[in-house]
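Undergrad: kindly return the folded structure for what I paste below:
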Amino acid sequence: MTPDERIAQFKTLVDQNPNDEMAQFSLGSAYFEARRYSDAGPCFQRVLALNPNHSMAILMLGRTQIETGHPDLAKETLTNGYRVAHRRGELKPRNEMGELLQSLGAALPSVDEPRAAAGAIAGKGGEGGFTCSRCGGSGPRLAERPFKGPLGEKVLANVCTACWQEWIRMGTKVINELRLPMYDPAAQEQFDHYMKDFLSLPD
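TA: Below you'll find the model as predicted:
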């Protein structure tokens, strides 16, 4: 699917339901990838109007503000986003926002101690130094890979049970709201992209 086709697809969904935060985020991301930064910004702002704790939207808004020549706005956005992502235990967007802040010459904001990780349960720490890629907790781990293939192996190796359950709920929302026909390889690729981002899976 070409960038223009992706933009058209998500724009149709947004036109049908402007309050669909997932469609707005997808449209903003498609605009960003096409380097249409002035179009991307309002989409990410709309996501945050609907859900102020959407850390990936905060990250992408900060990136957009940098690309449109507004570093001071980006610093403010990313500083707030760093705290949001830290509080929610979302390590990947937090770390990326930290790198962007440092590249802008800004200090990392002070934060409280990390929240209790979503996957951590007293007395059931992960064995063998396991750390969940999404929440930073130590378990409990999945008992078996959730599906076949290399991506399933990566989920098994990196994701705790609680965060996988969170993704199952979010994955259903992705399929329903973006109307993904899962028999289509392009739709499956798009679904996998959301999953890898949500779970902060390593490349």
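
Undergrad: name the SS class of residue 135, please.
TA: coil (DSSP: H, G, I helix; E, B strand; the rest coil).

Undergrad: per-domain residue ranges of this structure.
TA: 3-103, 127-198 (automatic domain parsing).

Undergrad: how about the contacts made by the closest residue to residue 170 other than its chain neighbours?
TA: Excluding its sequence neighbours, the residue lying closest to residue 170 (C-beta to C-beta, 6 or more residues apart in numbering) is residue 198, at 5.8 Å. For the C-beta atoms, the positions are set from N, CA and C on the backbone; glycine is no exception. By C-beta atoms under 8 Å, 6 or more residues apart in numbering, residue 198 lies in contact with 134, 166-167, 170.

Undergrad: point out where the chain drops to low pLDDT.
TA: By pLDDT under 70, the weakly predicted segments of the chain are 113-128.

Undergrad: helices of that one, start to end?
TA: Remark: helices assigned in the chain by DSSP state H are 3-16, 21-33, 37-50, 55-67, 71-88, 91-103, 150-158, 161-178, 185-198.

Undergrad: and those helices as JSON lines, adding distance to residue 110?
TA: Below are these laid out as JSON lines (distance: least, C-beta to C-beta, whole Å):
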{"stretch": "helix 3-16", "distance to residue 110": "37"}
{"stretch": "helix 21-33", "distance to residue 110": "28"}
{"stretch": "helix 37-50", "distance to residue 110": "22"}
{"stretch": "helix 55-67", "distance to residue 110": "18"}
{"stretch": "helix 71-88", "distance to residue 110": "9"}
{"stretch": "helix 91-103", "distance to residue 110": "12"}
{"stretch": "helix 150-158", "distance to residue 110": "29"}
{"stretch": "helix 161-178", "distance to residue 110": "26"}
{"stretch": "helix 185-198", "distance to residue 110": "27"}
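
Undergrad: closest to residue 139 out of those helices?
TA: Judged by C-beta to C-beta, the one of the helices of the chain that comes nearest to residue 139 is helix 161-178, at 7.6 Å.

Undergrad: tell me the gap between that closest one and the middle of its chain.
TA: Chain-centre distance of helix 161-178: 12 Å, with C-alpha atoms, centre = their mean, to the nearest Å.

Undergrad: which elements pack onto it?
TA: Helices and strands touching helix 161-178, by 3 or more C-beta pairs under 8 Å, 6 or more residues apart in numbering; DSSP states H and E, are helix 21-33, helix 185-198.

Undergrad: the spatially closest residue to residue 57 that is not a sequence neighbour - how many residues pack around it?
TA: Excluding the flanking residues, the one nearest residue 57 by C-beta to C-beta, 6+ apart is residue 47, at 4.0 Å. If you count neighbours by other C-beta atoms under 10 Å, residue 47 ends up with 25.

Undergrad: list the contacts of residue 47.
TA: With contact taken as C-beta under 8 Å, 6+ apart, residue 47 is in contact with 21, 24-25, 28, 54, 57.

Undergrad: what about the closest residue to residue 1 other than its chain neighbours, how many neighbours?
TA: Among residues not flanking residue 1 along the chain, residue 186 sits closest, at 5.5 Å (C-beta to C-beta, 6+ apart). Counted with other C-beta under 10 Å, the neighbours of residue 186 add up to 12.
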